[in-house]
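Trainee: A predicted structure for the sequence below; I have some questions about it.
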Amino acid sequence: MKQSISVPTNNTCQLIDITSEVQKLVSSSHISEGIVTAFVAHTTAGITINENADPDVKHDILLQLENMVPQSDSFLHGEGNSPGHIKASMMGSSVSVIISGGRLQLGTWQGIYFCEFDGPRSRTVWLKIIEG
Amino acid sequence: MKQSISVPTNNTCQLIDITSEVQKLVSSSHISEGIVTAFVAHTTAGITINENADPDVKHDILLQLENMVPQSDSFLHGEGNSPGHIKASMMGSSVSVIISGGRLQLGTWQGIYFCEFDGPRSRTVWLKIIEG
Amino acid sequence: MKQSISVPTNNTCQLIDITSEVQKLVSSSHISEGIVTAFVAHTTAGITINENADPDVKHDILLQLENMVPQSDSFLHGEGNSPGHIKASMMGSSVSVIISGGRLQLGTWQGIYFCEFDGPRSRTVWLKIIEG
């Protein structure tokens, strides 16, 4: 079963918790055991799993990515969003989460974050659930 | 089949080879063809695949992550472990390895490493094997 | 079904678009719905998904990885290719792509890139397709 989540973003760089949307689609699939893969269909956005309790963690992740990947005159890509492309590859294009008893198996503090690195835009995450 | 591996860590930052523990659970599953996903249930730890021959590779990976993500007064997260959160997202929360003939299909020099970035702690890796 | 792609590389660091080779093996599997995992069997090479339209994006990704992970006298690994090992873990050892109607489901600008970080070498990518 393939499904998708729409993610509107409203900043250049932003982490958006999509855990509950992913859980909703897992629940509606009625698959109780398996793996869900959440895949970002973009090249200046990524996806990661990190803490969903203190929002300052999101701030610090975005800040440090900015420190590591500043804009540079040495970049050749004409659109000017090379830092977004690089950060996207650093975070990765998909996450895989185990499904058990119909629920995402996440650690206590874990949430699934869509990572916008060249917004604001209308973004899409595709989900694929494999039973097993 | 979902199973877990306990990983006790004894340093702030540490790479721990869990390849043999993963292989053990794959073997006990009696699944000969498929994919195993190893998922870290934490937000200041990650997982990666890298060289398991020369232990200096582990040293160099940890050193360079430290260089790229130093502690900073600009971090807001009160627990003081923001570098651990950032490194966790850089390494990723899961790896997927092909199973063939009941064995992990790894390259000659590859091992699966649990990445501790805020230890020492008692950590958990969940495994999910999908037959196919 | 497990299959492999041979990737000859001809630079120290190089991104090579392997999307069409992956699609070819997906097509020959006659599996129309599922997930394909592409796994790099090496420790100084990685795999990532990024823009396949403007080749300057490849240049900028490689340049910034070089900026973030320069060669260093502090590295202990005797082979001198520690930057390659570190970049490999930053990009990751596998990507997962949804298959729908027998086609890789990629965003408009997405391609699958083999990432050489210690070439030139003869490299191998293993593919595993799980139906579902």
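Mentor: Yes, it's here.
Trainee: C-alpha from now on. contacts and neighbour counts both.
Mentor: Noted.
Trainee: tell me the pLDDT at the spatially closest residue to A:Gly102 that is not a sequence neighbour?
Mentor: Leaving aside its sequence neighbours, A:Gly102 sits nearest to A:Ser32 (C-alpha to C-alpha, 6 or more residues apart in numbering or on different chains; 3.8 Å). Looking at A:Ser32, its pLDDT reads 97.
Trainee: go on, the one 5 residues further on?
Mentor: Reading off the confidence values, A:Thr37 has pLDDT 98.
Trainee: wait, isn't it in contact with A:Ile129?
Mentor: Yes - look at A:Thr37 against A:Ile129 with C-alpha atoms under 8 Å: they come within range, at 6.4 Å.
Trainee: list the residues that contact A:Glu66.
Mentor: Contacts for A:Glu66 (C-alpha atoms under 8 Å, 6 or more residues apart in numbering or on different chains) come out as none.
Trainee: A:Ser6 belongs to a helix?
Mentor: No - read with DSSP: H, G, I helix; E, B strand; the rest coil, A:Ser6 is strand and lies in no helix.
Trainee: who's it bridged to?
Mentor: Residues in a beta bridge with A:Ser6, per DSSP bridges, are A:Thr124.
Trainee: got a list of what it touches?
Mentor: Counted by C-alpha under 8 Å, 6+ apart, A:Ser6 has contacts A:Ser122, A:Arg123, A:Thr124, A:Val125.
Trainee: hmm, try it at 10 Å
Mentor: A:Ile18, A:Glu21, A:Ser122, A:Arg123, A:Thr124, A:Val125, A:Trp126 (C-alpha atoms under 10 Å, 6 or more residues apart in numbering or on different chains).
Trainee: state the number of residues packed around the closest residue to A:Asn11 other than its chain neighbours.
Mentor: Leaving aside its sequence neighbours, A:Asn11 sits nearest to A:Pro120 (C-alpha to C-alpha, 6+ apart; 4.9 Å). Counted with other C-alpha atoms under 10 Å in any protein chain shown, the neighbours of A:Pro120 add up to 14.
Trainee: and A:Pro120, what element?
Mentor: Assigned by DSSP states H and E, A:Pro120 falls within no helix or strand.
Trainee: which residues of chain A fall in helices?
Mentor: A:19-29, A:56-68, A:82-91 (DSSP state H).
Trainee: now what about the first one, what contacts it?
Mentor: What it means is helix A:19-29. Contacts of helix A:19-29 (C-alpha under 10 Å, 6+ apart): A:1-7, A:31-32, A:34-38, A:49, A:52, A:99, A:101-104, A:106, A:110-114, A:125-129.
Trainee: the same query, at a cut-off of 7 Å, please.
Mentor: The contact list for helix A:19-29, computed with C-alpha atoms under 7 Å, 6 or more residues apart in numbering or on different chains, reads A:Gly102, A:Arg103, A:Leu104, A:Gly111, A:Ile112.
Trainee: next up, the contacts around the first one.
Mentor: What that stands for is A:Gly102. With C-alpha under 7 Å, 6+ apart, A:Gly102 has these contacts: A:Val26, A:Ser27, A:His30, A:Ile31, A:Ser32, A:Glu33.
Trainee: now stretch A:104-115: average pLDDT?
Mentor: Across stretch A:104-115, the average pLDDT comes to 98.
Trainee: from A:Pro70, how far out is whichever residue of chain A sits closest to chain C?
Mentor: Nearest residue of chain A to chain C (C-alpha to the nearest C-alpha) works out as A:Ala41 at 4.4 Å. According to C-alpha to C-alpha, to the nearest Å, A:Ala41 and A:Pro70 sit 24 Å apart.
Trainee: for A:Val97, same thing?
Mentor: Distance of A:Val97 to A:Pro70, computed by C-alpha to C-alpha: 31 Å.
Trainee: between those two, who's got more neighbours?
Mentor: Between A:Val97 and A:Pro70, A:Val97 has the larger neighbour count (other C-alpha under 10 Å), namely 25 against 13.
Trainee: neighbour count for A:Thr37 and A:Ile129, which is higher?
Mentor: Ranked by neighbour count (other C-alpha under 10 Å), A:Thr37 and A:Ile129 place A:Ile129 first, with 26 against 22.
Trainee: so what sits opposite the nearest residue to the more buried one once chain neighbours are set aside in the bridge?
Mentor: Nearest non-adjacent residue to A:Ile129, counting by C-alpha to C-alpha, 6+ apart: A:Val36, 4.3 Å away. Beta-bridge partners for A:Val36, by DSSP bridges, are A:Val97, A:Ile129.
Trainee: check the gap between A:Val36 and chain B for me.
Mentor: Taking C-alpha to the nearest C-alpha, to the nearest Å as the measure, A:Val36 falls 11 Å from chain B.
Trainee: what's the answer for A:Ile16, then?
Mentor: Applying C-alpha to the nearest C-alpha to A:Ile16 and chain B gives a distance of 14 Å.
Trainee: picking up where we left off before, which of the contacts of A:Gly102 tops the neighbour count?
Mentor: Most surrounded of those: other C-alpha under 10 Å gives A:Val26, at 24 neighbours.
Trainee: so A:Glu131 sits against A:Ile31, correct?
Mentor: Yes - if you go by C-alpha atoms under 7 Å, A:Glu131 and A:Ile31 touch, sitting 6.4 Å apart.
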